[in-house]
Every structure is written in C-alpha cells, then in structure tokens.
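[1] The sequence isn't on hand, but the structure is:
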C-alpha cells in the first residue's frame, strides 16, 4: 500500500513538471478556444473511475475536495492572463504561475501523505480527482471568458479599422 502512495506521488510530481513545461511552451504560440476547453473535457473521462466502488467517496469528502479545488483554482485564475500580439491572442507569461503551480503540488503531496493514513487509497484517489477537476473547470471557464472578451475586442477593432475611410 505504501508503494502505491509513493508511486502516485512520483506520478503527481512528474505531471506537475509536465504542466509547467506545457504552460511555458503554450505562451509561445497563439491560443484558441479549443486549447482552453479541451483539457477539462479530456479529464472528465477520469470520472469513469467512480464506476468502481473502491474510488467512491462520501458526500462530505466530495464537498471538501470541491471546496479545496475551487480555492486552488482562484490562485490559478489570478495568474492567468492573455494579451494580443501580432493580431493573435497569447497566454501572458506570469512569474508567479510556476511558483503557485509548484506550491499547489507540494500542498497536494503533503495532504496525500497525511490523509493516506486515515482514508483508503481508492477513496483518496477519488477525492484528488474531484479536487483536480474542481480546480481546472473554474480556471478554464475563467480563461475562456477572458479569451472571448479579447476575441470580441479584436473583432470590434478590426471592424472600426475597416469602416473608417480616409477622405
């Protein structure tokens, strides 16, 4: 059982490092609504884990995981911004984002180590899935909203430029 906790902790660290590098690369290319929406949709397939009884959580555990995930999402929302460059919308690099991402990872690992002595590993896996999903969905919705505002502004700006004709 301890090896499962250690293995999942190592996997979480690897995923955190991967997320960091993906985010840094994403800032170099224009973003799209599809790139914002797809990660939570792909992640939602993980909810199939709840078909198996060992991953099911109580209502209280679910509410706790959702609350923590939403608090974590607020930190991510604060450090995620877009900018218009070269007539495209780019994710703006934030110096705080990598620090927040790594801090969330450390908090999550410590929580897992503490909670794994009290909660079954399957239930804990279910709780951390709910936490991650409750973190990514509000964050991505906020990103999408911000992206669409910039997109509308681009359209308005382009329309104004095309309707103003020199005399």
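    Looks like it came in fine. Being a predicted model, the structure only gives us computed values, none of them experimental.
[2] Quick one: mean pLDDT for the helix or strand where residue 124 lies?
    Using DSSP states H and E, residue 124 falls within helix 121-163. In this model, helix 121-163 has an average pLDDT of 90.
[3] what packs against it?
    With contacts defined as 3 or more Cβ pairs under 8 Å, 6 or more residues apart in numbering; DSSP states H and E, helix 121-163 has these neighbours: helix 2-26, helix 33-43, helix 59-78, strand 81-85, strand 88-92, helix 96-115. C-beta coordinates here come from the backbone N, C-alpha and C atoms, glycine included.
[4] what bits of this protein have low per-residue confidence?
    Along the chain, the parts satisfying pLDDT under 70 run over 1, 23, 26, 163-167.
[5] Grab the nearest non-local neighbour of the most centrally placed residue in the chain.
    The chain has residue 136 as the residue nearest its centroid, 3.4 Å off, counting by Cα atoms, centre = their mean. The shortest distance from residue 136 to any non-neighbouring residue, by Cβ to Cβ, 6 or more residues apart in numbering, is to residue 40 (5.2 Å).
[6] List the residues that contact the one you found.
    Shown in contact with residue 40 (Cβ atoms under 8 Å, 6 or more residues apart in numbering): 133, 136-137, 140.
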